[in-house]
Structure formats: structure tokens, C-alpha cells
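>>> My questions concern the predicted model and sequence given below.
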Amino acid sequence: MGISSLKIRVERFPSYDVSKWDKKIDNPSDPNFWKYGVANLTFLEYIGDKKLVLDLGCGTGGSAFFLAEHGTAEWIIAVDLLKDMIKVAKKNAVKKGLEQKICFLVCDGRYLPFRDSCFEALMSRGDAFCFLVPLKRTVQELKRMMKPKGVIILEIDNRLDWKPGTIISKGFQKRSDGKVVYVIETFTTKRNHRTLSYVLDPNGRISKKVSNDSEFLEKGYKAWEYPLQKIRKETAEIRRGVATHWPTAKGLCTLFKKGGFAEVQAMGDGLLMKLLLDDNEAVIKMMKEEPEMFFEIERRLIQHVNPQKAPTIILRATVS
């Protein structure tokens, strides 16, 4: 079968090994542990006194549990489009004894099944907002559900490492079904992230070669620029990921201001995550010994960090 005759399958969201993800974000050796730890304290600071809260893109429930245990919320509704995330979140809620305080639902954040002006606060972490394109439509939907003076606080990566108008990565990945995929990621001049995946024939020479590579065997992926002409000859299927949009701090503020929000403020976050990635062993050792202290230090710092240059953006906005 020639490459031109292959259908391109559009995937809405990337696949996750949810059980591994759940453990990953609780691991101090993972950068997301530090990013999310600070985000949870920030959520608590700004919306910890609210009674009815929506968690948008809740994943396996980390932020919802933290707010339920430390804030005054009477009821938290947590939503995610990935069924497997919600399935694990519900199990986690039972283990924590919070199933009567948090309701987990599968639904699309752009078309939420809630009445107008019902939530006092909304939180979102882990870049879920960037998947809800077009973002202008999503902002309108969020405003519709919020009560007057309701507070929204969300966290997204700033993507300083992605240069607009470039190919940001090429390499091989192992799918959950064991197949080898060659993935090309691009970041457009309009700050849209796109992926194109070539699913390789398992019996092909390239798939066998990559599967025996020591780095690939250890990690399940390998950055490796391979001749596309050769990749296409052994491609069994093509998949295109949904385009996501990653606004700058300034663009995010503009989006919410035009959407009718007031008191819009962007803050900088992600310093602890950067420390871990910089691999300073002495600093990392101290961080792991007293994570709560480091979370609190960064929570206090975010007001003073330039969001345009920070690894992560935290946005706070109020319904006018």
C-alpha cells in the first residue's frame, strides 16, 4: 500500500498510561510533582474559601483532593475528557474517603453540561486549557458558568523551549500496543502545536532496528531524526494529533479580558521544576527532604516572577 493511499486518522488527545501517570505526579524525581505542588497551594490561596468549585481537566484528581482536604469547598465537580483518568480518579476518591465531596465526570471542557452562573470558582492545571481549541469559545463557556465575582485560576506551560515556526522534535516512540511510531512535532508561527505520527509496520526493518536500540528499550522513546522517505516506505498508518494552542502570558491575559473577565493577572511559576531539570544534586536533595517548604517558598515568589520568562504561567481572572 502506498503512502498516498493511507488514511490519516485524527486523534483528539494523546494517549496516557494512566496508572503510570498517577504514580509519576507523586514522584519527587518528576518535574510535574513540583509544578503541581506549587499550583495546588496557589489554588488554595485564591479559591480555598469557595463553596462550589469546578476542576477543569482534573486528570486523576490531585488538585481536587488537595482543595477538598485543605479548603472549605462543600462540593467540587471535576471533569476530564479522558475516561481512564476519571476511572482512576474515582478509585482514588474512595481510597481517600472523599467520594461524597467530589463528583468526577467525563465531558468536554468546551461544552459543559452545567447551568449558567452556578460556580463560584474554577481551577485548571496541567495544560488542559490548551487542548480546548478554539480558546476564545472556551473562555466564553467558562464565563457562562461562573457567578458574578467568580474566580478562575489556571496553569499552563509557557513553552519557552518551543520556537514558533519550527519543527520542535523528531523521533521514535513506543505505543501502548507495542508498535513503534515515528513522530514529528511542529510549533507554528501562530503558536499551535501539531503532531504527525507514522505508525511503522512491525515486521519492517526500521521498526525492528529501533526496537533493539538500547536507549529505546529503556525509555520507550528516542529522539532520532530519520529520513522521512524511508519512514514512509514502511508506514502502515498515519495519525494526526489535535492542534493545541499555547498563548504567551500577554496573549492569555488579552484572551480573558476580551472574554469579559476583570482583574486579569498573569504570574510566573515553574522555578522548582527548572531546578530539578538543571540537575543540581545538592539542591534536589534538599528539595526532596522538605518538599512542602519549597512549595511554600515558590508560592510566595510567583507574585514577583516575570510570567513572560517563567517556565509556567498561572492566570487569575474574576468575572465582572
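In hand now; what should we look at?
>>> Sketch out the helices for this structure, chain order is fine.
Ranges of helices in the chain, per DSSP state H, are 18-24, 31-47, 62-70, 83-96, 135-145, 205-211, 214-219, 228-233, 249-258, 271-278, 281-289, 291-301.
>>> wait, which of these is closest to residue 178?
Among the helices of the chain, helix 205-211 comes nearest to residue 178, with 8.9 Å by C-beta to C-beta. C-beta here means a position set from N, CA and C on the backbone, and glycine is covered the same way.
>>> who's in contact with the closest one?
Taking contacts as C-beta atoms under 8 Å, 6 or more residues apart in numbering, the residues outside helix 205-211 that touch it are 172, 179-180, 182, 200-201, 216-217, 222, 224, 226, 230-231, 234.
>>> With stretch 255-263 instead?
By C-beta under 8 Å, 6+ apart, stretch 255-263 touches 135-136, 139-140, 142-143, 152, 247, 264, 315-320.
>>> Low-confidence ranges, this structure, go.
1-7, 10, 12-16 (pLDDT under 70).
>>> With mean neighbour count and distance to residue 119 added, can I get the helices of the chain in a markdown table?
Output for these, formatted as a markdown table (neighbours: other C-beta atoms under 10 Å; distance: least, C-beta to C-beta, whole Å):
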| stretch | mean neighbour count | distance to residue 119 |
| --- | --- | --- |
| helix 18-24 | 15 | 26 |
| helix 31-47 | 22 | 10 |
| helix 62-70 | 22 | 13 |
| helix 83-96 | 17 | 19 |
| helix 135-145 | 18 | 5 |
| helix 205-211 | 17 | 47 |
| helix 214-219 | 12 | 41 |
| helix 228-233 | 14 | 47 |
| helix 249-258 | 18 | 16 |
| helix 271-278 | 18 | 29 |
| helix 281-289 | 12 | 34 |
| helix 291-301 | 15 | 24 |
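>>> Can you give the domain ranges for this protein?
18-159+246-319, 163-244 (automatic domain parsing).
>>> Ok, which of those domains comes nearest residue 8?
domain 163-244 (4.7 Å).
>>> Compute the first-to-last residue distance for the closest one.
Taking C-alpha to C-alpha, to the nearest Å, domain 163-244 runs 15 Å from one end to the other.
>>> and residue 165, how many residues sit next to it?
By the criterion of other C-beta atoms under 10 Å, residue 165 has 11 neighbours.
>>> now do residue 148
By other C-beta under 10 Å, the burial measure for residue 148, its neighbour count, is 9.
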